[in-house]
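Peer 1: Build me a model:
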Amino acid sequence: MDAWIVLNSIYLIRCKFEYLIYNTLNLLLFKLKIYQKMTMPSLFRRREILLPTLLGFVIIILFTVAITLIILKNMATFLAHNEPVQGQYLIVEGWLSEPALLEALTTYKTGGYKFLITTGGPDTRHINPLHETYAEQSAAFIQNRGFDDSNLIVIATPASAQNRTFLSAVMVRDWLTANSTVKPTIDVFSGDVHARRTHKLYKMAFADEIKIGIIAAQANGFDLQYWWQTSEGAKAVLTESAGLLWVTCCFNPGKRGSHQEKWGIY
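Peer 2: Alright, predicted model coming up:
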């Protein structure tokens, strides 16, 4: 009888001990789960995604290549933007080649413009230029073709540390503000693939206050439809594409009338 009591006591003690260990382990596991949820956020989640088949990959690649080729083929035409508004003033960028200046003269005569304005900064092509700026140089070329001086306006631009075309646009804007009694409309005559960037910069300078048109000169030395077939065409299109991208995403002209807007005038 005594042995049975002893064995029963031992069994009860063992049961209580096992129960205590079981509860302790459960409590530890519960606290560990809470700790993991609080301090170890999940970095990944299981998701189901759809991937194209081999045929799908081929179609996607062919479609991408086709779109890229279409964009590249039409890039020069896109850059050589033409959108005239037949304004009172024809602005001619003075750095243009002589064939382009002759084309600008024809445009002036057939477009019904009242005044022709030449723009441009210091002549950097020649060591000892006859004229200090492209504005004066192009004006002299136009005058030698029998152009009426009373309809010719020369707006020279100083050297710019920021963007020459933009500073020319600012100088034209300031001149029109000071000398025009009515709200003018202007067309800007620019060089082939430079035209779209010129148009954008003039709109930025005038802040869309007036109607501004753009006329692109005929491409000289390459065909707009096959620009990649010549080094001159490839250089011009790629350079202007990069320039347009920079103007669109990175160019900050500063507030109107600020030093930054006329960076280069000291």
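Peer 1: Could you use CA atoms for every contact and neighbour count after this?
Peer 2: Fine.
Peer 1: dump the residue contacts of Y226.
Peer 2: K73 (Cα atoms under 8 Å, 6 or more residues apart in numbering).
Peer 1: swap the cut-off to 10 Å and go again
Peer 2: Counting by Cα atoms under 10 Å, 6 or more residues apart in numbering, Y226 touches 72-76, 233-234.
Peer 1: Then A205?
Peer 2: Here A205 is in contact with 165-174, 253-256, 261 (Cα under 10 Å, 6+ apart).
Peer 1: Are any of these buried, and if so which?
Peer 2: Using 16 or more other Cα atoms under 10 Å as the burial test, these include 165-173, 253, 261 as buried.
Peer 1: how many neighbours does the closest residue to K183 other than its chain neighbours have?
Peer 2: Once flanking residues are discounted, K183 sits nearest to I210: 6.9 Å by Cα to Cα, 6 or more residues apart in numbering. For I210, the neighbour count with other Cα atoms under 10 Å is 13.
Peer 1: next one: V65
Peer 2: 12.
Peer 1: where does the chain dip in pLDDT?
Peer 2: The chain contains residues with pLDDT under 70 at 1-19, 22-23, 25, 30-42, 264-266.
Peer 1: Could I get the full set of helices for it?
Peer 2: For the chain, the helices defined by DSSP state H cover 2-39, 54-73, 75-79, 98-111, 134-143, 164-179, 195-206, 231-249.
Peer 1: Need those in CSV (columns: distance to T185).
Peer 2: Below are these laid out as CSV (distance: least, Cα to Cα, whole Å):
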stretch, distance to T185
helix 2-39, 66
helix 54-73, 32
helix 75-79, 22
helix 98-111, 13
helix 134-143, 20
helix 164-179, 10
helix 195-206, 11
helix 231-249, 23
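Peer 1: And those: which comes nearest G120?
Peer 2: Taking Cα to Cα, helix 134-143 is the member of the helices of the chain nearest to G120, at 4.5 Å.
Peer 1: Pick out whichever of the contacts of A205 sits closest to V193.
Peer 2: Nearest member of those to V193, counting by Cα to Cα, is T165, at 13.9 Å.
Peer 1: Disregarding flanking residues, what is the spatial nearest neighbour of the closest one?
Peer 2: Per Cα to Cα, 6+ apart, closest to T165 is T198, 6.6 Å.
Peer 1: Spit out the contact partners of the one you found.
Peer 2: By Cα under 10 Å, 6+ apart, the contact list for T198 reads 79, 81, 93, 165-166, 169, 188-191, 204, 214-216, 244.
Peer 1: Select only the buried ones of those in PyMOL?
Peer 2: Applying 16+ other Cα under 10 Å to these, the buried members can be selected in PyMOL as follows:
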select buried, resi 79+81+93+165+166+169+188+189+190+191+204+214+215+216+244
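Peer 1: from the contacts of T198, which is closest to L102?
Peer 2: Minimum distance to L102 across the contacts of T198 is 11.4 Å, recorded for F189 (Cα to Cα).
Peer 1: Go ahead and confirm the closest one touches L102.
Peer 2: No. Counting by Cα atoms under 10 Å, F189 does not reach L102; the two are 11.4 Å apart.
Peer 1: Now do the shared contacts for the two.
Peer 2: Common neighbours of F189 and L102 (Cα under 10 Å, 6+ apart) are 96, 108, 217.
Peer 1: give me every residue that touches the first one.
Peer 2: Contacts of L96 were listed using Cα under 10 Å, 6+ apart, and they are 102, 104, 120, 134, 138, 189-192, 217.
Peer 1: Equivalent analysis for the second one, please.
Peer 2: With contact taken as Cα under 10 Å, 6+ apart, Y108 is in contact with 86, 89-92, 102, 114-116, 187, 189.
Peer 1: what's in contact with stretch 241-254?
Peer 2: By Cα under 10 Å, 6+ apart, the surrounding residues in contact with stretch 241-254 are 75-76, 78-79, 162-163, 166-167, 193-194, 196-198, 200-201, 204-205, 235, 237-240, 259-263.
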